[in-house]
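Trainee: A structural model of the following input is requested.
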Amino acid sequence: MERASVPGLPSTLHVLERGWLSSNNVVFFDSADEASIVDTGYVSHAALTEVLVERLIGGRRLARIVNTHLHSDHCGGNARLRQRFGASITIPPGQAAAVATWDDSRLGYSLIGQDCARFAFDQVLQPGAEITLGRLAWEVVAARGHDPHQVMLWCAAHRVLISADALWQHGFGAIFPEIEGESGFAEQEELLKRIATLAPAWIIPGHGAPFQDAAAALDRARQRLAALRADPVRNARNVAKALIKFWMIDRREVACATALGHFRCAPYYELIRSRYFPELAFDQMIERLVIELVTAGALARRDGQLVNVD
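Mentor: I've put the predicted structure just below:
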């Protein structure tokens with residue numbers, strides 16, 4: 001879905017609501033000549049992102065790219081937009097060293113079997129600092145939980161929160177640190193408290209339409225977090241299935257053997273197996289997860305092929 005403007009939001013702010021695999025793109029008209037964008041989607045959608053952004057900004061130059069975090073679905077268009085417009089790139093500081101040397105072992109793209117075109121950065125986005133976008137002041141808010149390096153952007157003047165994957169209308173992004181043996185549930189709980197304290201009038205999530213009923217979304221998020229926290233194996237299963245579904249949305253249809261080969265080459269699946277399903281062989285775990293996705297109607301099997309179901 002493409003959404004150029006939302007009634008009730010500041011007129012210099014425009015939301016391109018994207019379907020999976022890409023995050024939403026938040027575009028700001030900074031002046032008559034320049035624009036900025038927060039988050040750039042997945043690499044396989046980069047050409048479409050370029051078209052959508054160019055159409056929206058008209059004759060303006062895209063001067064800045066800002067990333068809330070560096071998961072592949074939020075920064076995959078960085079390289080293409082920088083090449084097209086010459087935009088500067090600003091990222092949260094936590095992975096700046098890894099980006100500078102393009103250390104994939106720390107950025108984690110091959111670890112989970114996803115792609116991201118290499119890009120460089122110009123500035124870092126320090127939590128607690130202020131950035132001007134669309135002629136409005138935005139506070140950079142640390143947003144640990146889904147990702148330890150994630151930030152949100154808060155415009156107090158209009159009570160608008162760009163929440164990235166910290167809060168969606170019906171949930172939040174997967175709590176990856178817990179999978180890796182680090183704390184994530186506690187940080188997500190504190191983050192939800194911080195959002196409640198801000199009491200935003202509008203939330204622009206990383207995925208899905210902008211929405212206004214923050215209280216209801218927070219209630220749903222707290223319930224989901226409590227359920228995952230009570231059952232870490234459920235969290236691990238959900239993360240693994242989300243990664244499989246993500247890859248299948250991109251590939252659409254592949255031979256079952258090819259899919260299994262891909263999962264074997266992405267070490268994150270073996271990490272999940274060894275920590276949460278040690279009683280299963282690798283192929284058994286993948287088979288169970290695929291069966292669950294097929295049963296839920298998210299995937300299908302046809303003549304030896306694994307098929308994504310929209």
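
Trainee: average pLDDT across the longest helix along the chain?
Mentor: Among all segments of the chain classified by DSSP state H, the helix with the greatest residue count is helix 232-251. Averaging pLDDT along helix 232-251 gives 96.

Trainee: same check, this time on stretch 283-295
Mentor: Stretch 283-295 shows an average pLDDT of 98 in the prediction.

Trainee: what about the protein, any weak spots by pLDDT?
Mentor: In the predicted model of the chain, residues 1-5 satisfy pLDDT under 70.

Trainee: ok, which stretches of it are helices?
Mentor: In order along the chain, the chain carries the following helices (DSSP H): 46-57, 72-75, 78-85, 96-101, 104-107, 176-179, 185-198, 214-230, 232-251, 256-265, 267-276, 282-295.

Trainee: Now stretch 206-219: buried residues?
Mentor: Buried residues in stretch 206-219, counted by 16 or more other CB atoms under 10 Å: 206-208, 210-211, 214, 217-218. Placement of C-beta: from N, CA and C, glycine included.

Trainee: nearest spatial neighbour of residue 246, skipping sequence neighbours?
Mentor: The spatially closest residue to residue 246, leaving aside those adjacent along the chain, is residue 21, at 6.2 Å (CB to CB, 6 or more residues apart in numbering).

Trainee: Check the spacing between the one you found and residue 308 real quick.
Mentor: For residue 21, the distance to residue 308 under the criterion CB to CB, to the nearest Å works out to 11 Å.

Trainee: anything in contact with each of the two?
Mentor: Applying CB atoms under 8 Å, 6 or more residues apart in numbering, one finds that residue 21 and residue 308 are jointly contacted by residue 249.

Trainee: And those two? Which one has more around it.
Mentor: The neighbour comparison of residue 21 against residue 308 (other CB atoms under 10 Å) goes to residue 21, with 20 against 17.

Trainee: Could you verify my assumption that the more buried one touches residue 250?
Mentor: Yes: with the criterion set as CB atoms under 8 Å, residue 21 and residue 250 qualify as a contacting pair; they are 5.8 Å apart.

Trainee: Find residues that contact each of these two.
Mentor: Shared between the contact lists of residue 21 and residue 250 (criterion: CB under 8 Å, 6+ apart) are residues 42, 44.

Trainee: do you know how far residue 186 is from residue 33?
Mentor: As judged by CB to CB, residue 186 and residue 33 stand 45 Å apart.

Trainee: Check residue 211 too.
Mentor: For residue 211, the distance to residue 33 under the criterion CB to CB works out to 32 Å.

Trainee: ok so, going back, can I get the buried residues of stretch 206-219 in a markdown table with distance to residue 300?
Mentor: Written out in a markdown table, the entries for those read as follows (distance: CB to CB, whole Å):
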| residue | distance to residue 300 |
| --- | --- |
| 206 | 28 |
| 207 | 23 |
| 208 | 25 |
| 210 | 32 |
| 211 | 31 |
| 214 | 37 |
| 217 | 31 |
| 218 | 35 |
